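Peer 1: Kindly return the folded structure for what I paste below:
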Amino acid sequence: MTVQRVRIDLAYDGTDFSGWAVQPGRRTVEGELSAALTTLLRAPEPVRLTVAGRTDAGVHARGQVAHADVDASLYAAVPGRSSRSPEEAARTRLAGILPPDVVVQKVSRAAEGFDARFSAVHRRYLYRICDDLGALDPLRRRDTVVVKDRLDVEAMEAAAAHLRGLHDFAAFCRRREGATTVRTLLEFTWERQWDGTVAATVVADAFCHSMVRALVGSVVPVGQRRAEVDFPRQILSARARDPRVTVMPAHGLSLEKVGYPPDEALAARAEEARATRVLPD
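Peer 2: Below is the predicted model:
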């Protein structure tokens, strides 16, 4: 069998999903997409997927990326008698198979060396908070978290600045045996948006489980004037989970974009990303 690697760009409303990864008896994004691809290709076995970021239950995505290795002959047959390319036919036909809370934005033949997970150079997340009940938009209730206290965005921005850079983020991650918690936090910024909500933009080369929501949870108390500006830095330095840090609700979080290097650098980036990260001496 000749294998074709296919890249899939997609978005989803995570409200009614138990996260990305397949779980027995639970509705997941991976489960829905795998089933749809299996139906589309008439594949004899379920199509397996590799994803850029395994989002948690309730987390949304506007810019998720996955890949699948499929039988090239089945993929070529997707257009049927039409004159469309397999890529365009796949996107159109998947729209008719998938539920409305999952949208495939683009299907393409993956460039040589492409790996949706390991070739990525950064992931960008957005976290939305409303601190004014009178300004709460009920149409955004599924992607915006409400807090009671007015937030000091300037203080939050100063606190977040202490966390940017290469660090061991063990204090903000759920540990996994044998996995590193060393990451490069490329951007962590706060701003009040045009609609009055407060939004955090968080960008890193990779993230640990619950890392983004824990980072946000360490800064929110600063904005509420319940903690000093250097509180997140103290948590970071301790390299241990702290009960004073609340992991923020999932529904305020959205994966906005996954960045990749030029095609000629994809394989090298994947090889680099597979190596265990450590802090320099």
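Peer 1: Strands along this structure, start to end?
Peer 2: Assigned by DSSP state E, the strands in the chain fall at 3-12, 50-51, 60-71, 102-109, 122-130, 145-146, 165-168, 182-192, 198-204, 253-259.
Peer 1: quick one: contacts of the fifth one?
Peer 2: With contact meaning Cβ atoms under 8 Å, 6 or more residues apart in numbering, strand 122-130 is reached by 52-53, 63, 136-137, 140, 143-147, 151, 186-187, 196-207, 212-213, 216, 220, 248, 252-259. Yep, even glycine has a C-beta here, placed from its N, CA and C like the rest.
Peer 1: got the strands of the chain as a markdown table, with mean pLDDT, mean neighbour count and distance to G19 columns?
Peer 2: Output for these, formatted as a markdown table (pLDDT from 0 to 100; neighbours: other Cβ atoms under 10 Å; distance: least, Cβ to Cβ, whole Å):
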| stretch | mean pLDDT | mean neighbour count | distance to G19 |
| --- | --- | --- | --- |
| strand 3-12 | 98 | 20 | 11 |
| strand 50-51 | 98 | 18 | 11 |
| strand 60-71 | 98 | 22 | 11 |
| strand 102-109 | 98 | 18 | 13 |
| strand 122-130 | 98 | 21 | 15 |
| strand 145-146 | 96 | 18 | 18 |
| strand 165-168 | 94 | 16 | 25 |
| strand 182-192 | 96 | 18 | 20 |
| strand 198-204 | 98 | 21 | 18 |
| strand 253-259 | 98 | 21 | 12 |
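Peer 1: And those: which comes nearest E228?
Peer 2: Among those, the nearest to E228 by Cβ to Cβ is strand 182-192 (16.4 Å).
Peer 1: List the neighbouring strands of that closest one plus their orientation.
Peer 2: Here strand 182-192 has these sheet partners by DSSP bridges: strand 165-168 (antiparallel), strand 198-204 (antiparallel).
Peer 1: now the longest one against strand 122-130, angle please.
Peer 2: Using axes from the mean of the first three to the mean of the last three Cα atoms, to 10 degrees, the direction of strand 198-204 lies 160 degrees away from that of strand 122-130.
Peer 1: Now D131: closest residue in space, sequence neighbours ignored.
Peer 2: Leaving aside its sequence neighbours, D131 sits nearest to L151 (Cβ to Cβ, 6 or more residues apart in numbering; 4.6 Å).
Peer 1: Quick check: that neighbour vs D71, distance?
Peer 2: Distance, L151 to D71, by Cβ to Cβ, to the nearest Å: 52 Å.
Peer 1: Equivalent analysis for R183, please.
Peer 2: From R183 to D71 the distance is 36 Å (Cβ to Cβ).
Peer 1: do the same with D9
Peer 2: In terms of Cβ to Cβ, D9 sits 21 Å off from D71.
Peer 1: quick one on the thing from earlier: pull the number of nearby residues for the residue nearest to D131.
Peer 2: Using other Cβ atoms under 10 Å, L151 has 22 neighbouring residues.
Peer 1: Please export the C-alpha coordinates of stretch 236-251 as PDB.
Peer 2: Extracted in PDB, the C-alpha atoms of stretch 236-251 (Å, rounded to 0.1, in the frame of the first residue of the first chain):
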ATOM      1  CA  LEU A 236       7.700  29.400  38.800                       C
ATOM      2  CA  SER A 237      10.900  29.300  41.000                       C
ATOM      3  CA  ALA A 238       9.400  26.700  43.400                       C
ATOM      4  CA  ARG A 239       8.900  24.200  40.500                       C
ATOM      5  CA  ALA A 240       6.100  22.600  42.400                       C
ATOM      6  CA  ARG A 241       2.300  22.800  42.100                       C
ATOM      7  CA  ASP A 242       0.900  25.400  44.500                       C
ATOM      8  CA  PRO A 243      -2.600  25.200  45.900                       C
ATOM      9  CA  ARG A 244      -2.900  29.000  45.600                       C
ATOM     10  CA  VAL A 245      -2.900  28.700  41.800                       C
ATOM     11  CA  THR A 246      -6.300  27.900  40.400                       C
ATOM     12  CA  VAL A 247      -6.400  26.200  37.000                       C
ATOM     13  CA  MET A 248      -8.800  28.400  35.200                       C
ATOM     14  CA  PRO A 249     -12.000  27.000  33.600                       C
ATOM     15  CA  ALA A 250     -11.500  25.300  30.200                       C
ATOM     16  CA  HIS A 251     -14.100  27.100  28.200                       C
END
